[in-house]
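[1] Fold the following and give me the result.
(2 chains)
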Amino acid sequence: AQTVTQSQPEMSVQEAETVTLSCTYDTSESNYYLFWYKQPPSRQMILVIRQEAYKQQNATENRFSVNFQKAAKSFSLKISDSQLGDTAMYFCATHQGGSEKLVFGKGTKLTVNP
Amino acid sequence: NAGVTQTPKFHILKTGQSMTLQCAQDMNHGYLSWYRQDPGMGLRRIHYSVAAGITDKGEVPDGYNVSRSNTEDFPLRLESAAPSQTSVYFCASSRPPQGGGTEAFFGQGTRLTVV
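    Numbering: from 1, shown residues only, chains lettered A, B, ... in the order given. Next up is the predicted model:
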């Protein structure tokens, strides 16, 4: 069974600084995908970044990047130049290739302080 | 495009009452899922459907029913609501996984309170 673990229930960072959110996962599949979703106070689930397991290169989307360590089954999210609008819950999720199953971690609440 | 539309956004229900949460998507996605979100629990899948006429149980299906008569709609029914079903409910759609691993697109959520 797939599991996703986010070990940091809450984190805070000063505006303009860099923060890293941790995520580890467990899967027996060789073909899978990893995602980070952001949920601001509006409750909307927003995709931040995705990573395909067969790609060695770490995904990057503007200020957001991941550190994907496949052997360690680790998928951390780095937010650079943090902004007040980054304040949100962040969920790590894994999607098994060839399946419709999306498994979420319990989330990390990030607060960006001015 | 509207994407995934959920109604209502908020609702208060009495114990024992029934209600249907609506989900509609206009992206011609095959896969639809219902999740519930509870504090400290992340999102857990309730039921899902891979195509019209096909539904299956997710991780926490008890107390919920679904049906899917067409591609667009995937209603979630609570037949006899219980306080334990107080939660935020999300509907999500995605394309089939062939070449897959595409992300899920979520509706805005329904905050349901059962008193």
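
[2] Show me what the residue minimising distance to the centre of chain B is bridged to.
    Nearest to the geometric centre of chain B sits residue B:34, at 2.6 Å (CA atoms, centre = their mean). Here residue B:34 sits in beta bridges with residue B:47, residue B:91, as judged by DSSP bridges.

[3] Let me see the contact set for it.
    B:21, B:23, B:45-48, B:58, B:64, B:66, B:74, B:76, B:89-92 (CB atoms under 8 Å, 6 or more residues apart in numbering or on different chains). In short, each C-beta sits where N, CA and C put it, glycine included.

[4] what are the ranges of the strands in the chain?
    Picking chain A for this. For chain A, the strands defined by DSSP state E occupy A:3-5, A:10-14, A:19-21, A:24-26, A:32-39, A:46-52, A:60-61, A:64-69, A:74-79, A:88-96, A:102-104, A:108-113.

[5] my bad, the chain I had in mind was chain B
    B:4-7, B:10-13, B:19-25, B:31-38, B:42-51, B:54-57, B:64-66, B:76-78, B:87-94, B:105-106, B:110-114.

[6] residues in contact with the closest residue to residue B:40 other than its chain neighbours?
    Leaving aside its chain neighbours, residue B:40 sits nearest to residue A:106 (6.0 Å; criterion: CB to CB, 6 or more residues apart in numbering or on different chains). Residues near residue A:106 by CB under 8 Å, 6+ apart: A:6, A:9, B:40-42.

[7] quick one: residue A:109 and residue A:9 touch, right?
    Yes. Under the criterion of CB atoms under 8 Å, residue A:109 makes contact with residue A:9 at 6.7 Å.

[8] right, so of the strands of chain A, which gets closest to chain B?
    Nearest to chain B among the strands of chain A is strand A:32-39 (3.3 Å), distances taken as CB to the nearest CB.

[9] Could I have the CA atoms of the closest one written out in CSV?
    Only the C-alpha atoms of strand A:32-39 are listed here, as CSV (Å, rounded to 0.1, in the frame of the first residue of the first chain):
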residue,chain,number,x,y,z
TYR,A,32,4.5,6.7,-10.1
TYR,A,33,4.1,10.5,-9.8
LEU,A,34,4.4,12.9,-6.9
PHE,A,35,2.7,16.2,-6.3
TRP,A,36,2.6,19.1,-3.9
TYR,A,37,-0.8,20.8,-3.5
LYS,A,38,-1.4,24.1,-1.7
GLN,A,39,-4.6,24.8,0.2
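
[10] and chain A, which of its residues are near chain B?
    Within chain A, the positions near chain B by CB under 8 Å from any CB of the partner chain are A:4, A:9, A:31-33, A:35, A:43-45, A:47, A:50, A:52, A:91, A:95, A:97-102, A:104-107.

[11] which of these count as buried?
    A:4, A:32-33, A:35, A:43, A:45, A:47, A:50, A:91, A:95, A:97, A:99-102, A:104-107 (16 or more other CB atoms under 10 Å in any protein chain shown).

[12] Is it correct that residue B:27 is in contact with residue B:107?
    No. Judged on CB under 8 Å, residue B:27 makes no contact with residue B:107 at a distance of 11.7 Å.

[13] Thank you kindly, that will do.
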